[in-house]
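S.K.: Next input, structure requested:
(2 chains)
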2 protein chains.
Amino acid sequence: MTDMSQASRAVVLVSGGVDSTTCLAVARSEGYELFALTVNYGQRHRVELEAARRVTAVMGVREHLILDVPLNRIGGSALTDDLDVPKDVSFEEMGSRIPVTYVPARNTIFLSLALGWAEVLGAGDIFVGVNALDYSGYPDCRPEYIEAFERMANLAVREAVEGRIRFRLRTPLIHLTKSEIIRKGMALGVDYKLTHPCYDPGPDGRACGRCDSCLLRRRGFEEAGLSDPALAPVA
Amino acid sequence: MTDMSQASRAVVLVSGGVDSTTCLAVARSEGYELFALTVNYGQRHRVELEAARRVTAVMGVREHLILDVPLNRIGGSALTDDLDVPKDVSFEEMGSRIPVTYVPARNTIFLSLALGWAEVLGAGDIFVGVNALDYSGYPDCRPEYIEAFERMANLAVREAVEGRIRFRLRTPLIHLTKSEIIRKGMALGVDYKLTHPCYDPGPDGRACGRCDSCLLRRRGFEEAGLSDPALAPVA
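M.R.: Residues are numbered from 1 along each chain as shown, chains lettered A, B, ... in the order given. So this is what the prediction gives:
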């Protein structure tokens, strides 16, 4: 299915947050033809979807596919259930436990969907903005998980088994701190105003500033010596 | 999350066909509390969903979850696109190529969803009716693929990484012929009238009798010395 006359294709998982947007910028900088996949999984923070649309609209994406997958029917997460999103958690505590915002098998489900689309597109590279440092609590962000998925993927689909393609999971952010991610994105021209940080935005769509995601993001911008454009007060 | 006071739980992927229904019967015979997962992926043969409902209704399933996942938006298969389903293919040809009815990454996507639900339920065992003999063309039905998925799964989710559960992919049919599958199901009390065989049923829901699925199923019943109740003419 691969058309060799074109630039290599890549599927990029895009949520609309800092990490996936930076990951998309890295893929763009490497010259891929970009196919962005956003999974609408019944998350409470639907503002993510709008951020994903804004980001892909300005970053040269050939196609942006938004798939509805109702993971809220499986349950088990504060992002899809009616549990409260924790606020003002210390960075020590964040690093020591898997957060309640963990969604069961989320990356596995997202990467599986990306794999199916990648096979159809003839795209060998799948980019995902996982990060093993700031979010050490998520098991599906660790290098050993990523390697196991990649191995499985190359046994799973026709294009790989018949030798026409070799799938690679590209995780350019996996060993970076949040401030390193932000610096890299700024160097690649990312406009972080377009992204959205928050697990629990208010009715007006404004970031709460206090959930794990907001706190990590704010610290990342501070350490990078920058202010977070998405947290700036409305003028 | 596991409730030790109950029977062990299992998630079983159920399509409503012969193989998954037999697989469900095997899980039932082993005493599991059964959670059936059916993925509605935009397949043309929606009669499968009705068969899945009929089967789970009579087989002691605690909960039957039907998830809508629009894989037809990814494309690449005669089951979800508008390609013609091949008819009257020889068994030799079926065994020598991956059929056009192959859906990209289907089992990987289905198993990922099953994995997420299994974690929420505290179910360590996931049953899937894959078969490496009759459908040798599907890469995601081979033992090496199943082993790679299982390894990945135990690195992916919190319950496994924190040591409370160990996921096993159970594939009781993987080395059986279709006639052996049917004999096993009959011995376990499966009513195959409830199942549906066909990739391309007519407007009245009747099996076509000529697609790969119908042909393999008919041969299975013949070799088992039985007639296929789903292909019997309406009285």
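S.K.: tell me the SS of A:G16?
M.R.: Taking DSSP: H, G, I helix; E, B strand; the rest coil as the rule, one finds A:G16 in the coil state.
S.K.: Name all residues that make contact with it.
M.R.: Applying Cβ atoms under 8 Å, 6 or more residues apart in numbering or on different chains, we find A:G16 in contact with A:T38, A:V47, A:E48, A:L49, A:E50, A:A51, A:A52, A:R53, A:R54, A:V55, A:T195, A:H196. Where you see a C-beta, it was placed from the backbone N, CA and C, and this is true even at glycine.
S.K.: Do you know the pLDDT at A:M94?
M.R.: As predicted, A:M94 sits at a pLDDT of 68.
S.K.: now the one 4 residues further on
M.R.: Among the per-residue scores, A:I98 holds a pLDDT of 57.
S.K.: With A:Y102 instead?
M.R.: Per-residue pLDDT puts A:Y102 at 65.
S.K.: quick one on the thing from earlier: can you list the contacts of A:G16 in JSON lines and add neighbour count?
M.R.: Listed next are the contacts of A:G16 as JSON lines, based on neighbours: other Cβ atoms under 10 Å in any protein chain shown:
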{"residue": "A:T38", "neighbour count": "23"}
{"residue": "A:V47", "neighbour count": "19"}
{"residue": "A:E48", "neighbour count": "25"}
{"residue": "A:L49", "neighbour count": "17"}
{"residue": "A:E50", "neighbour count": "13"}
{"residue": "A:A51", "neighbour count": "26"}
{"residue": "A:A52", "neighbour count": "28"}
{"residue": "A:R53", "neighbour count": "16"}
{"residue": "A:R54", "neighbour count": "17"}
{"residue": "A:V55", "neighbour count": "27"}
{"residue": "A:T195", "neighbour count": "25"}
{"residue": "A:H196", "neighbour count": "27"}
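S.K.: tell me which of these is nearest to chain B?
M.R.: When the contacts of A:G16 are ranked by distance to chain B (Cβ to the nearest Cβ), A:T38 comes first, at 12.1 Å.
S.K.: helix or strand for that closest one, which one?
M.R.: Using DSSP states H and E, A:T38 falls within strand A:33-40.
S.K.: Show the contacting residues for the closest residue in space to A:P139 that isn't next to it in sequence.
M.R.: If the residues on either side of it in the chain are set aside, A:P139 comes closest to B:V161, at 4.1 Å by Cβ to Cβ, 6 or more residues apart in numbering or on different chains. If a contact means Cβ under 8 Å, 6+ apart, then B:V161 has A:P139, B:N154, B:L155 as its contacts.
S.K.: ok so, going back, beyond the strand holding A:T38, next helix or strand please.
M.R.: Heading C-terminal from strand A:33-40 (DSSP H and E), you reach helix A:47-58.
S.K.: Output that following helix as PDB - backbone C-alpha positions only.
M.R.: Written as PDB, here are the backbone C-alpha positions of helix A:47-58 (Å, rounded to 0.1, in the frame of the first residue of the first chain):
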ATOM      1  CA  VAL A  47     -11.900  21.200  25.200                       C
ATOM      2  CA  GLU A  48      -9.000  18.800  24.300                       C
ATOM      3  CA  LEU A  49     -10.700  18.000  21.000                       C
ATOM      4  CA  GLU A  50     -10.900  21.700  20.100                       C
ATOM      5  CA  ALA A  51      -7.200  22.200  21.000                       C
ATOM      6  CA  ALA A  52      -6.400  19.100  18.800                       C
ATOM      7  CA  ARG A  53      -8.300  20.700  15.900                       C
ATOM      8  CA  ARG A  54      -6.500  24.100  16.400                       C
ATOM      9  CA  VAL A  55      -3.100  22.500  16.500                       C
ATOM     10  CA  THR A  56      -3.500  20.200  13.500                       C
ATOM     11  CA  ALA A  57      -5.000  23.100  11.500                       C
ATOM     12  CA  VAL A  58      -1.800  25.100  11.600                       C
END
